[in-house]
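Engineer: no sequence for this one, just the structure:
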C-alpha cells in the first residue's frame, strides 16, 4: 500500500517562494508526480521525478530523495493564479500505470 | 483542443436512480482510469482499463461498473446512487510507453444525489 503525506494548507504573498513537502511510504517506487488542481477543475501535470535531484521547469521546481521518501515542489515568484491545490502522487513499480495521490496542499496567494 | 472530454459536466440524480457518466479521448491512449474525488480529498482510483483488460480496485463498491466499448470511450455506471456517492468523477488516460506514463485528466463530472 501507499501512504502519502503533505500539508493541508499554505499561505504566501504574491512574488514570494513557497515549498510544498511530500513524504511517502510505499511498497515500491517508480516515480513521483506533482499535479496542480484549481477548485472545481481537473488536475494538470506539473512535474515528474524518478531519480534523486532537482527538476526545474520555469517558476516550478521539484526535488526527490528516494532514500528519505521525500519530495518537494518549489513555486517561485508566486502569482495570484498559482492559488490552487497541489497534489503529490506516487507510482509503484508493480503496476506502473497506477498513481496513488496525496490529499493535496491548498496554496493561497495573497496580494 | 480538448483531449479528454467528460459529459455531462454536472449531473443531478435521485437516490437509487441509475446514472451513467461518459468519457472520451482523442489521445489514442490505451489506459483509461476513473477516479472519485470528494471535497478536499485525494482522487481515489475506482478502476482502470489496460486496453480491454478491466482492473477493479479491491475497495470499489459493486454499485460502480464500467464499460469501454472502444479505445476512445469509457463509461462509468452507478447502478443505485447513494448520498455518499456525491462527488467529482474524474476520467484520465495514459499510454503504457514513454518516460513518464503521465496521466491526462478530463474536466470531471460533478455528481449530485438528491
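Structural biologist: Everything's here; your move. Please read these numbers as outputs of a predicted model, since none were measured by experiment.

Engineer: what does the model give residue 40 for pLDDT?
Structural biologist: Chain wasn't specified; assuming chain A. At residue A:40, the model reports a pLDDT of 84.

Engineer: Please refer instead to chain B.
Structural biologist: So, for residue B:40, pLDDT stands at 84.

Engineer: any idea how far chain A is from the residue nearest the centre of chain B?
Structural biologist: Nearest to the mean C-alpha position of chain B, by Cα atoms, centre = their mean, lies residue B:34 at 2.8 Å. Residue B:34 sits 12 Å away from chain A, taking Cβ to the nearest Cβ, to the nearest Å as the criterion. Bear in mind the C-beta positions are built from the backbone N, C-alpha and C, glycine included.

Engineer: which residues does the residue nearest to that residue when sequence neighbours are not counted contact?
Structural biologist: Ranked by Cβ to Cβ, 6 or more residues apart in numbering or on different chains and with sequence neighbours excluded, the top spatial neighbour of residue B:34 is residue B:46, at 4.6 Å. With contact set as Cβ atoms under 8 Å, 6 or more residues apart in numbering or on different chains, residue B:46 has these partners: B:34, B:35, B:36, B:56, B:57, B:60, B:64, B:66, B:76.

Engineer: which SSE is residue B:46 in?
Structural biologist: Per DSSP states H and E, residue B:46 falls inside strand B:44-50.

Engineer: Each with direction, which strands does the very next helix or strand once past that strand pair with?
Structural biologist: The element immediately downstream of strand B:44-50 (helix or strand, assigned by DSSP H and E) is strand B:53-56. Using DSSP bridges, the strands paired with strand B:53-56 in its sheet are strand B:44-50 (antiparallel).

Engineer: okay, residue 26: pLDDT?
Structural biologist: Chain wasn't specified; assuming chain A. As predicted, residue A:26 sits at a pLDDT of 82.

Engineer: that's the wrong chain, I meant chain B
Structural biologist: Looking at residue B:26, its pLDDT stands at 95.

Engineer: For residue A:93, see how far away the nearest residue to it once chain neighbours are set aside is.
Structural biologist: Counting by Cβ to Cβ, 6+ apart, residue B:26 lies nearest to residue B:3, which is 5.5 Å off, once chain neighbours are set aside. Using Cβ to Cβ, to the nearest Å, residue B:3 is found at 27 Å from residue A:93.

Engineer: Could you do residue B:90 as well?
Structural biologist: According to Cβ to Cβ, residue B:90 and residue A:93 sit 24 Å apart.

Engineer: List the residues that contact residue A:93.
Structural biologist: A:28, A:29, A:30.

Engineer: Now do it against chain B, distance only.
Structural biologist: Computed with Cβ to the nearest Cβ, the distance linking residue A:93 and chain B is 12 Å.

Engineer: okay, now residue A:21: neighbour count?
Structural biologist: A count of neighbours around residue A:21, defined by other Cβ atoms under 10 Å in any protein chain shown, yields 15.

Engineer: got it, and residue A:25?
Structural biologist: 12.

Engineer: again with residue A:91
Structural biologist: With neighbours defined by other Cβ under 10 Å, the count for residue A:91 comes to 24.

Engineer: what's near enough to touch it?
Structural biologist: A:29, A:30, A:31, A:32, A:33, A:97, A:98, A:99, A:100, B:101.

Engineer: again, only using 6 Å
Structural biologist: A:30, A:31, A:99 (Cβ atoms under 6 Å, 6 or more residues apart in numbering or on different chains).
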